[in-house]
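**Student:** next one to model:
(one chain, ligands or ions: 2)
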Amino acid sequence: MKDPHLVLGVLEGDDIGHEVVPASVQVASAAAEQHGLRIQWKPMPVGRRALDTHGATLPAGTLETLATYDGFVLGPIGHREYPKVPGAINPHPIMRKHFNLFANVRPTRSYPDIGCLRDDVDLVIVRENNEGFQPDRNVVAGSGEFRPSEDMTISVRVITRKGSDRVARVALALARSRRKKLTVVHKNTVFKLGCGMFVEECLKAAKDFPDVEVNEVIVDTMAMRLVRDPHNFDVVVTTNMFGDILTDEAAGLVGGLGMAPGLCIGDGDFAMAQATHGSAPDIAGQGKANPYAMVDSTRMLLDWLGRRKNIPQAVAAAGSMERGLTAALADAKARTGDIRGQGNTESFTRAVIGNL
Ligand code: ATP
Ligand code: MG
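**Tutor:** Ligands and ions are numbered 1, 2, ... in the order given. Have a look, this model is predicted:
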């Protein structure tokens, strides 16, 4: 039998990325070893360090090299703090676009004793990743923001039938594997054409998933209901900016940004593990960042690649990681301060590995 094997890029990013990404690699390596999966990790510079060493936050050839791998782990990028020089760009949107990773899958779940505001959250928000209001990734030529006069700015939001249909199908397939409920979040009362098209395409796609119960919620109502009755939601699908906001809100319900993992996927077999949080420069270098989100993002990557490429060892390794993470979260001495623990990045990572 062929020896099961994955090649994964490792892009630490900035600030706490240098702490939580190595933790993720350690945990995934230990889990992989347990199940006879070989992972070749390929470190590549990106972000501030790449700017210093290569003169660009996304060095030439990075995307082409990554394309030859099975996927990659991407740490947070602190692009707002980069000096204003050419080459100092935010690589995230470019990567999502380049690899056509149009769906950002972001699970949220409550765990006991870590300071969750609700104990009944178990949902996944699927955020459209490549369209919407995001100025630098619009499909129209040039920028998505325009200033026709000094006193006026126009922001363009792009919604396409194809983009809506494909993200809906990702969410529907995910719902099918869970509690079979999908909530489409939008604001078609105001954005009649844009959100209107999004909802239309979601409902059309849902016809191919008759076993999934589909309903719609207006985004402002959703912001309220996420707090009031999160247990009523299983999978949520929404457009880019609504998804950006709602996933942070959902994270706030379950212990904060350190608890918010994510996986960016598309139609192919290639995926990118990316936690929801940013680079958190305020706590960088102190060893206190919560690695949960990044480790769990990496777990999602192994699970997804294992299923797509039929590598049961990768699925099993992801299962071990989940057990390790759950046990480490229950250990107050090991877990980090943001989730009511007395530990740090290192103690949490050790606890995960000890409980795989
Ligand atoms: P971005 O624009 O990149 O999303 P942001 O402004 O939303 O960044 P983050 O860096 O995501 O900010 O984080 C906000 C704050 O949340 C941080 O300053 C930090 O205190 C806390 N935080 C974020 N991630 C973690 C983590 N993994 N562990 C502990 N605290 C975190
Ligand atoms: Mg943020």
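**Student:** where along the stretch 51-200 of the chain do the strands fall?
**Tutor:** Counting by DSSP state E, counting those that start in this stretch, the segments of the stretch 51-200 of the chain that form strands are 71-74, 103-109, 122-128, 145-149, 152-155, 181-186.
**Student:** can those go into a markdown table with extra columns for distance to ligand 1 and mean pLDDT?
**Tutor:** In this view, the C-beta of every residue, glycine as well, is placed from N, C-alpha and C. Supplementary listing: the strands of the stretch 51-200 of the chain in a markdown table, determined by distance: least, Cβ to the nearest ligand atom, whole Å; pLDDT from 0 to 100:
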| stretch | distance to ligand 1 | mean pLDDT |
| --- | --- | --- |
| strand 71-74 | 12 | 98 |
| strand 103-109 | 13 | 98 |
| strand 122-128 | 13 | 98 |
| strand 145-149 | 17 | 88 |
| strand 152-155 | 18 | 90 |
| strand 181-186 | 20 | 98 |
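**Student:** what about the ones you listed, which gets the closest to residue 322?
**Tutor:** Distances from residue 322 to each of those were compared using Cβ to Cβ; the minimum, 10.6 Å, belongs to strand 103-109.
**Student:** pull out the buried positions in the closest one.
**Tutor:** Residues 103-109 are the ones in strand 103-109 that count as buried (16 or more other Cβ atoms under 10 Å).
**Student:** list the pairing partners of that strand within its sheet, with orientation.
**Tutor:** For strand 103-109, the pairing partners within the sheet under DSSP bridges are strand 122-128 (antiparallel), strand 263-265 (antiparallel).
**Student:** the longest one to strand 181-186, inter-axis angle?
**Tutor:** Inter-element angle recorded for strand 122-128 and strand 181-186: 40 degrees (by axes from the mean of the first three to the mean of the last three Cα atoms, to 10 degrees).
**Student:** quick one: strand 122-128 to chain centroid distance?
**Tutor:** Here the centre of mass of C-alpha atoms in strand 122-128, compared against the chain's by Cα atoms, centre = their mean, to the nearest Å, lies 10 Å away.
**Student:** mind listing what's buried along that strand?
**Tutor:** Of all the residues in strand 122-128, those buried under the rule 16+ other Cβ under 10 Å are 123-128.
**Student:** which ones are touching the closest residue to residue 129 other than its chain neighbours?
**Tutor:** The spatially closest residue to residue 129, leaving aside those adjacent along the chain, is residue 104, at 4.5 Å (Cβ to Cβ, 6 or more residues apart in numbering). Contacts for residue 104 (Cβ atoms under 8 Å, 6 or more residues apart in numbering) come out as 96, 126-129, 243, 262-264, 274.
**Student:** list only those of these flagged as buried.
**Tutor:** Among those, those classed as buried by 16+ other Cβ under 10 Å are 96, 126-129, 243, 262-264, 274.
**Student:** ok, those residues vs residue 346, which is closest?
**Tutor:** When the buried ones among the contacts of residue 104 are compared for distance to residue 346 (Cβ to Cβ), residue 274 wins out at 22.4 Å.
**Student:** ligand 1 contacts on the chain?
**Tutor:** Contacts of the chain with ligand 1, taken as Cβ under 6 Å from any ligand atom, map to 16, 20, 76, 257-258, 277-280, 282-283, 289-290, 293, 338.
**Student:** which SS state does the residue nearest to residue 68 when sequence neighbours are not counted fall under?
**Tutor:** Counting by Cβ to Cβ, 6+ apart, the nearest residue to residue 68 once its immediate chain neighbours are dropped is residue 7, at 7.7 Å. The three-state label given to residue 7 by DSSP: H, G, I helix; E, B strand; the rest coil is strand.
**Student:** same question for residue 278.
**Tutor:** Classification of residue 278 into helix, strand or coil gives coil, according to three-state DSSP.
**Student:** how far away is it from residue 341?
**Tutor:** To residue 341, residue 278 is 21 Å away according to Cβ to Cβ, to the nearest Å.
**Student:** do residue 327 as well
**Tutor:** For residue 327, the distance to residue 341 under the criterion Cβ to Cβ works out to 13 Å.
**Student:** when those two are compared, which one has more neighbours?
**Tutor:** residue 341 (23 against 15; other Cβ atoms under 10 Å).
**Student:** domains for this protein, by residue range?
**Tutor:** The chain breaks down into these structural domains: 1-105+255-356, 117-253 (assignment by automatic domain parsing).
**Student:** mean neighbour count, these: which tops it?
**Tutor:** Counting by mean count of other Cβ atoms under 10 Å, domain 1-105+255-356 has the highest mean neighbour count of these, with a mean of 20.
**Student:** what's the closest non-adjacent residue to residue 186?
**Tutor:** Residue 186 sits nearest to residue 195 (Cβ to Cβ, 6+ apart), 4.0 Å away.
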